[in-house]
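**Q** What shape does this take:
(chains A and B)
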Amino acid sequence: MRVTNGKDFWAGLMFIAFGLGFMVVARDYSMGSAVRMGPAYFPTVLGGMLAVLGAVIFFRAFVSKIPHPVAVFPFRVWLLLGGLILGVVAYYSQGLRSSGIPGEIAHMLLAGLAIGLMFAAFGQRSLWVILFSVVIFGYMLKPLGLVLSTGLIIFVSAWGGHEFKVKEVSILFVILAVFSVLAFVKGLGLPMNVWPAILE
Amino acid sequence: MDALVTNLGLGFSVALNGWNLLYCLMGVLLGTLIGVLPGIGPVATIAMLLPVTFTLNPTSALIMLAGIYYGAQYGGSTTAILVNIPGESSSVVTCLDGYQMARQGRAGPALGIAAIGSFFAGCVATVIIALFAPPLAEVALKFGPAEYFSLMVLGLIAATVLAHGSLIKAIAMVLLGLLLGLVGTDVNSGVARFSFGVSELTDGIGFVSVAMGVFGFAEIIGNLEQKEQREIFTKKVSNLLPSLQDFKDSWASILRGTALGSALGILPGGGALLASFAAYTLEKKLSWNSANFGKGAIQGVAAPESANNAGAQTSFIPLLTLGIPSNPVMALMIGAMMIQGIAPGPQVMTERPQLFWGMIASMWVGNLMLVVLNLPMIGMWIKLLTVPYRWLYPSILLFCAIGVYSVQNSPFDVMQTAVFGVVGYIFVKLECEPAPLILGFILGPLMEENLRRAMLLSRGDWFVFFQRPISLSMLLVAALLLAIVLAPAVRKKREEAFVEA
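**A** All right, here's what the predicted structure looks like:
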């Protein structure tokens, strides 16, 4: 048996994983009956159908006449597994969050690391650097204010691309920072602080 | 007839109200601005601009969104003609002859005929919506849960049949979308499903996050992986008005494109994409000039451009009357309506006539704006095409991030969007079309709700879906569609049709 269609191979695995995943998690909820469907009913049926379709796609990968390499995109299996394991650990250590501020921060870092590893498991460098810049922007917007977090997202995401010229990016940053303060805070009146929260 | 005039009169009084006119204009301009960027189609554009409209009242918000849609579509045609990069799948066929015209120094007439054809198609489609929406909505008011469930099955099947690529993958994507739509608190039992203890997930996965991540971020990442390499015809765009000969050559194509596009747009799963492909194929068969197709025939631009605009508009009919989205753009519209607190369905027309008719009238106004404002501004849009991508993408990312954050002032939403960016990237690489996913995502909770109600009413009898005539016929049509597509001869033809273009 040889995989001829790498895209079908991975797509099949992905659908099987999602289908089974939803079915397994749904086992915690009550199934009900056809007359009174419980919260588990519909997801279990759908998950089962998805897993079956996934299996068909998976087997098609071995007989397909459309050739695709198995390595369809950069994919780092160890990072993905690491991320998943950390994710499970984070799920079962949620008690930490109610044990005071250090515990809460530790849990956030753990969950953040899990998600970061899963980002880094796929694609070229540009993928995870860019998405990472978006995530920091989201979490830094409140403590750092709009101007500084705009700097973060612009510099980090520009660094993730092919060409990075400090002078160009600095000009871009100034223009965008001025524009977003004027348009979003002054113009649309979105509730965001312009400067770091400590200064205001 | 009288009712039509009064209704449209009400619509125009809403659409021509100063503020709504302004929002429509802003929508058209913003839509063109983002849509003209290579590689960003209407779905991504609408997803990125959705949060902007949340601060408005529902009527203005939907008017602006519709404006964004037409603007983005028009922007997509512009890039197709000038850069040979279709901004979206429905302008793929415009590339074929439009780009050839541009290479022959006739970019101006190509852009002109695209705009004029679109405007004509838009006028016709507006009248069709006004004529057909009310009777259809009346039929829909009689639908029970069983009919609704079957209708959604039909809609989803039709959408997968018309998606390009593998049928089985498209169905799997629908199922995945339905499942993702179920995340969050179950209305009946109050159980927080699939939330893994994350309090933000008990409200469900954010619709804006899924749309923006899968369509917006994934496209940006995909574009970055390809190095910039394009030939742009920016200098030679002059005399936009097509010559008299051009009009003589293409009026019949515009008419045929409009008729075909309007008809196909109404079908569930139809819309702009199918319309433009079908119109191009038809025109290639019927036109006296078919030998020149692919070499810069003006008919090859006029027909698909008219058809995709007509289809784009008539696909509002199932949305406004049944509350069922027929394509991803309509799914975004439904999402926007729900966020505004409007339950989509036949009751919108009777309960909110101003919104309903205002939106229909604004479609015509938006199309007029495209012709009157965008054609003269074409020089500015072209300048935008020359801005290097390394400046554009950080700016787009920033605006997306601000937009998604502002929906609920929540950093979690931003993170969630990034996660769906990765997911969308994987989908693209594995050739899993994301459009069916977003349809499923929207319909997931509705489908479960109607299934539950239908089963409760029938006391657990699954045959209820086959006993009621409307429901049965919809399921039969769905089965027929599947059977037709799976028939070997049609399957081959379908693959060819999508590959050819």
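**Q** Quick one: low-confidence residue ranges for chain A.
**A** Counting by pLDDT under 70, chain A contains low-confidence ranges at A:200.
**Q** longest helix of it?
**A** Scanning chain A for the helix with the most residues, using DSSP state H, yields helix A:125-160.
**Q** For it, name the packing helices and strands.
**A** Secondary-structure packing of helix A:125-160 (3 or more C-beta pairs under 8 Å, 6 or more residues apart in numbering or on different chains; DSSP states H and E): helix A:101-120, helix A:166-180, helix B:218-225, helix B:389-408, helix B:411-429. In this view, the C-beta of every residue, glycine as well, is placed from N, C-alpha and C.
**Q** now the strands for chain B?
**A** For chain B, applying DSSP state E gives strands covering B:184-185, B:192-193.
**Q** Return the list of strands paired to the first one, each annotated with direction.
**A** Using DSSP bridges, the strands paired with strand B:184-185 in its sheet are strand B:192-193 (antiparallel).
**Q** chain center to the strand it pairs with, what's the gap?
**A** Offset of strand B:192-193 from its chain centre (C-alpha atoms, centre = their mean, to the nearest Å): 31 Å.
**Q** Please apply the same query to stretch A:107-118.
**A** The answer for stretch A:107-118 is 10 Å, by C-alpha atoms, centre = their mean.
**Q** gap between the residue located most distally from the centre of chain B and chain A?
**A** Most distant residue from the mean C-alpha position of chain B: B:Arg459, 38.4 Å away (C-alpha atoms, centre = their mean). Between B:Arg459 and chain A the computed distance is 6 Å (C-beta to the nearest C-beta, to the nearest Å).
**Q** which ones are touching that residue?
**A** Residues in contact with B:Arg459, defined by C-beta atoms under 8 Å, 6 or more residues apart in numbering or on different chains, are A:Val35.
**Q** Leaving out sequence neighbours, find the closest residue to whichever residue of chain A sits closest to chain B.
**A** Nearest residue of chain A to chain B (C-beta to the nearest C-beta) works out as A:Gly138 at 2.8 Å. In space, and not counting its chain neighbours, A:Gly138 is closest to B:Val414: 2.8 Å by C-beta to C-beta, 6 or more residues apart in numbering or on different chains.
**Q** same deal with B:Gly75?
**A** B:Gly35 (2.8 Å).
**Q** can I assume that neighbour is in contact with B:Gln73?
**A** Yes: the criterion here is C-beta atoms under 8 Å, and B:Gly35 meets it with B:Gln73 at 6.8 Å.
**Q** if you go through the stretch 301-450 of chain B in chain order, where are the helices?
**A** If DSSP state H, counting those that start in this stretch is used as the criterion, the helices of the stretch 301-450 of chain B fall at B:316-322, B:328-339, B:347-351, B:353-369, B:378-385, B:389-408, B:411-429, B:435-457.
**Q** Name the residues that touch the fourth one?
**A** Residues outside helix B:353-369 that contact it (C-beta under 8 Å, 6+ apart) are B:7-8, B:10-12, B:14-16, B:20-21, B:24-25, B:27-28, B:58-59, B:62-63, B:66-67, B:70-71, B:118-119, B:122-123, B:125-126, B:129-130, B:133, B:309, B:313, B:316, B:320, B:342, B:348-349.
**Q** can we see that at 7 Å?
**A** The contact list for helix B:353-369 (C-beta atoms under 7 Å, 6 or more residues apart in numbering or on different chains) reads B:7-8, B:10-12, B:14-15, B:20, B:24-25, B:28, B:58-59, B:62-63, B:66-67, B:70, B:118-119, B:122-123, B:126, B:129-130, B:313, B:320, B:348-349.
**Q** ditto for the shortest one
**A** Helix B:347-351 is contacted from outside by B:Ala133, B:Pro134, B:Ala137, B:Leu320, B:Ile342, B:Leu355, B:Phe356, using C-beta under 7 Å, 6+ apart.
**Q** do that again at 6 Å, thanks
**A** Here helix B:347-351 makes contact (C-beta atoms under 6 Å, 6 or more residues apart in numbering or on different chains) with B:Ala137, B:Phe356.
**Q** now that helix: how far from the chain's centre is it?
**A** On C-alpha atoms, centre = their mean, the centre of helix B:347-351 falls 23 Å from that of its chain.
**Q** Just the CA atoms of it, as PDB, please.
**A** Output of helix B:347-351 as PDB, limited to C-alpha atoms (Å, rounded to 0.1, in the frame of the first residue of the first chain):
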ATOM      1  CA  GLN B 347     -41.000  37.300   8.800                       C
ATOM      2  CA  VAL B 348     -38.300  39.900   8.200                       C
ATOM      3  CA  MET B 349     -40.400  41.200   5.200                       C
ATOM      4  CA  THR B 350     -43.600  41.800   7.200                       C
ATOM      5  CA  GLU B 351     -42.000  42.800  10.500                       C
END
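**Q** Let's test this: mean pLDDT of that helix, rounded?
**A** Helix B:347-351 carries an average pLDDT of 83.
**Q** in it, what's buried?
**A** Within helix B:347-351, the residues scored as buried using 16 or more other C-beta atoms under 10 Å in any protein chain shown are B:Val348, B:Met349.
**Q** In contact with A:Gly32, which residues?
**A** Contacts of A:Gly32 by C-beta under 6 Å, 6+ apart are A:Gly38, A:Tyr41.
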